[in-house]
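Student: what follows is a predicted structure for the sequence shown.
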Amino acid sequence: MAAGVQQLAKPKTRLGKRLAPYLLIMPGGLWLLVFFLIPIVFMLSVSLQTGNLEGGFAQTWHFHRYIEVFQQYRPQMVRSFAFGTIATAITLLFGYPLAYWIAFHGGRHKTTFLFLLLLPFFVSFVIRTLAWQFILADDGIVFGTLKSWHILPAVISGIAYNFLPFMALPLYVSLERIDRRVVEAASDLYANKKDVFLRVIFPLSIPGVFAGILLTFVPAVGDYVNASILGGTNTTMIGNIIQLEFLQNFHYPVAAALSFILMGILLIGIFIYARVLGASSIEEYV
Amino acid sequence: MSVVLAQETGRGPGLAPAGAKRRWTRLVLPVYSGLVLFYLVLPILVMILYGFNASGPKRVSFRWQGFSLFGYTHLFAKPDLTTALKNSLFIAVVSTVIASILGTLIALALVRYRFRGRGVSDFVLFMNISAPEIVLGASLLSLFVSFGVPRGILTIIIAHVMFNIAYVAVTVRARLAGFDRHLEEAAQDLGAGPWITFAKVTLPLIWAGILAGGLLAFALSIDDFVITNFNAGTTQTFPLWVYGAVKVGIPPQVFVMGTLIFGFGVLIALLNVVAQRRRA
């Protein structure tokens, strides 16, 4: 290789070549180190402090706090995971047939359907949620039944709505990528349509299913906007508690401990995903 | 399931699957998909519609009270809402520029070099994208609280750059995958220095990728609520203002601004599609 000869001739450039990736990564890497990774350490540290806003907080390694907050907020914790699970299941139920239909039967209008699927991204998340309030409200134009139509389904359907594109898009990508010749081969070998789907198409779309579940479930569990705008006191999620304790009650340690627990539980799922499918695989879907 | 259904309706077993399947792909699936798409678009229609609801300047009522252009003619009548929108635009522009540069550099490093720490960098990007927003926001606030950093527009920009770097890096990297390095080598063989090569060869080739990453970053920034909520202090952005107004009442301008942002975003996206079609 010509470049190799050049490198041998000029040792200075060779060193430059070795340093180059680090120099390129450094500015962004430092930013992520200082404002993404280190803050997680600080969150852990804050969660073990005691004190209050007036008197200041001091580090007391109060590990017991984790047990305290877990006991105190277990219902909200359980509810968050329950809502997240149900909402994720709904998005899968809505998203898979839609993605399948666009990928395999979209025809000439495929781009148009995809565009419709992306449309919600052009509207602010808060306004989208707010619009549901207007749809479901007592004298709203569509249902007019927020009170009779319990608040609980309102919150879950709001979450499902907001994260549906995050489910449908990876599903679409994985379905679209399937080699049509494989599908044809299955038909040629006398598989009926059901078998073609269950034995060929669905297994090949599993990476998309995993990616969709990850991209939906994680934000759904941590969400508090839907519960706050569409819900009531019996729909409080863990995110509501974290933001309340952090931003209104200034109980920083309690809020930090709750965030850390939430992160810990979700991290287990994220790690499993990364181990099974590889860390970079998610990037194909964002 | 449809097979069972067809058999129950008394059709012959040899004929039933084909007919049932056709009904499945011709009727059930399109109708179902259409309903899901309608579900996705419905709140957008509601937003556009309620921007025209004639229910007075203070708050839009849930009830439809007739057509009015009030929200459009008095778009900037709420000074604090206007300030919030201006803040959002400023934050989005600044954080997009910074994140686009930093993210592109990371993408360049990841695509063209094999180096120690590559796997770790990959994993940090993955973590950053898949971590729940509330944890990103809360941990960053823990840092600011620990050092007594006052929250405001600067901390919001820091936060937005933080969550946008990874998205830009990933987007640019995806576009860089088919990049032909021989073009750069050719430029250098023809006597171009590294900077000239970058400016005249590399940059024009990766520009589309950077633009895509930048647009994504801009959209994420202007829409962000959760992380901003944690690190804003008393500073208002458009989503924060709207969230705060939910309890006291949403003025019509909110829906109008939402509609205009929506229209603008759709326009840019369509132009982008047209430009790509023309190039291809």
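Tutor: Received it, and whenever you're ready, just let me know what you need.
Student: phi, psi of the nearest residue to B:Ser61 once chain neighbours are set aside?
Tutor: Leaving aside its sequence neighbours, B:Ser61 sits nearest to B:Ser55 (C-beta to C-beta, 6 or more residues apart in numbering or on different chains; 4.2 Å). All C-beta atoms are positioned from the backbone trio N, CA, C, and that covers glycine. With angles defined as degrees, to the nearest 10, B:Ser55 sits at phi -120, psi 30.
Student: now do A:Asn52
Tutor: Recorded main-chain torsions at A:Asn52 are phi -140, psi 170, according to degrees, to the nearest 10.
Student: hmm, it is touching A:Pro253, no?
Tutor: No. Under the criterion of C-beta atoms under 8 Å, A:Asn52 makes no contact with A:Pro253, lying 9.6 Å away.
Student: chain B - how does it break down into domains?
Tutor: For chain B, the structural domains run B:2-50, B:79-250, going by automatic domain parsing.
Student: list the contacts for the residue in the stretch 151-280 of chain B that chain A sits nearest to?
Tutor: Across the stretch 151-280 of chain B, the shortest distance to chain A (C-beta to the nearest C-beta) belongs to B:Gly265, at 3.8 Å. Going by C-beta atoms under 8 Å, 6 or more residues apart in numbering or on different chains, B:Gly265 touches A:Phe121, A:Phe122, B:Ala219.
Student: so which of those residues belong to strands?
Tutor: Residues of those located in strands (DSSP state E): none.
Student: out of those residues, which one sits closest to A:Ala154?
Tutor: Closest to A:Ala154 out of these is A:Phe121 (22.1 Å), distances taken as C-beta to C-beta.
Student: how about the closest one, what does it touch?
Tutor: So A:Phe121 contacts A:Pro165, B:Ala219, B:Asp223, B:Gly265 (C-beta under 8 Å, 6+ apart).
Student: the residue of the stretch 151-280 of chain B closest to chain A belongs to a strand, doesn't it?
Tutor: No. According to DSSP: H, G, I helix; E, B strand; the rest coil, B:Gly265 belongs to no strand; its state is helix.
Student: for the nearest residue to A:Gly106 once chain neighbours are set aside, give me its contacts.
Tutor: Nearest non-adjacent residue to A:Gly106, counting by C-beta to C-beta, 6+ apart: A:Phe113, 5.5 Å away. By C-beta under 8 Å, 6+ apart, the contact list for A:Phe113 reads A:Ile102, A:Gly106, B:Ser33, B:Leu37.
Student: of these - the most surrounded one?
Tutor: Neighbour counts for the contacts of A:Phe113, by other C-beta atoms under 10 Å in any protein chain shown, peak at A:Ile102, which reaches 25 neighbours.
Student: name the element it belongs to?
Tutor: Using DSSP states H and E, A:Ile102 sits within helix A:74-105.
Student: give the buried residues for that helix.
Tutor: Buried residues in helix A:74-105, counted by 16 or more other C-beta atoms under 10 Å in any protein chain shown: A:76-77, A:79-81, A:83-84, A:86-88, A:90-92, A:94-104.
Student: same check on stretch B:95-108?
Tutor: Of the residues in stretch B:95-108, B:95-96, B:98-108 count as buried by neighbour count, 16+ other C-beta under 10 Å.
Student: and it, anywhere near chain A?
Tutor: Yes. For stretch B:95-108 and chain A, the contact criterion (C-beta under 8 Å from any C-beta of the partner chain) is met by B:Ile101, B:Leu102, B:Gly103, B:Leu105, B:Ile106, B:Leu108.
Student: with just CA atoms, put that stretch into CSV.
Tutor: Extracted in CSV, the C-alpha atoms of stretch B:95-108 (Å, rounded to 0.1, in the frame of the first residue of the first chain):
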residue,chain,number,x,y,z
SER,B,95,-26.6,23.1,20.7
THR,B,96,-27.1,21.8,17.2
VAL,B,97,-24.0,23.5,15.9
ILE,B,98,-21.8,22.3,18.8
ALA,B,99,-23.2,18.8,18.8
SER,B,100,-22.9,18.5,15.0
ILE,B,101,-19.2,19.4,15.1
LEU,B,102,-18.4,17.1,18.1
GLY,B,103,-20.5,14.3,16.9
THR,B,104,-19.1,14.4,13.3
LEU,B,105,-15.5,14.2,14.7
ILE,B,106,-16.4,11.1,16.7
ALA,B,107,-18.1,9.6,13.7
LEU,B,108,-14.9,10.2,11.6
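Student: packing partners for the top helix by length along chain B?
Tutor: Ranked by number of residues, the top helix in chain B under DSSP state H is helix B:79-112. Packed against helix B:79-112, as judged by 3 or more C-beta pairs under 8 Å, 6 or more residues apart in numbering or on different chains; DSSP states H and E, are the following elements: helix A:11-32, helix B:118-130, helix B:153-176, helix B:203-223, helix B:238-248, helix B:252-279.
Student: all strands of the stretch 151-286 of chain A, in order?
Tutor: Per DSSP state E, counting those that start in this stretch, the stretch 151-286 of chain A carries no strands over any range.
Student: and it, which of its residues are near chain B?
Tutor: For the stretch 151-286 of chain A, the residues in contact with chain B (C-beta under 8 Å from any C-beta) are A:161, A:164-165, A:192-194, A:214-215, A:218-219, A:221-225, A:228-229, A:239, A:242-243, A:246-247, A:252, A:255-256, A:259, A:262-263, A:266, A:270, A:273-274, A:279-280, A:282-284, A:286.
Student: now the stretch 101-250 of chain A, which segments are flagged as low pLDDT?
Tutor: For the stretch 101-250 of chain A, applying pLDDT under 70 flags the ranges A:138-152.
Student: now the helices for it?
Tutor: Per DSSP state H, counting those that start in this stretch, the stretch 101-250 of chain A carries helices over the ranges A:110-118, A:125-136, A:151-176, A:180-188, A:193-195, A:202-204, A:206-222, A:225-230, A:238-247.
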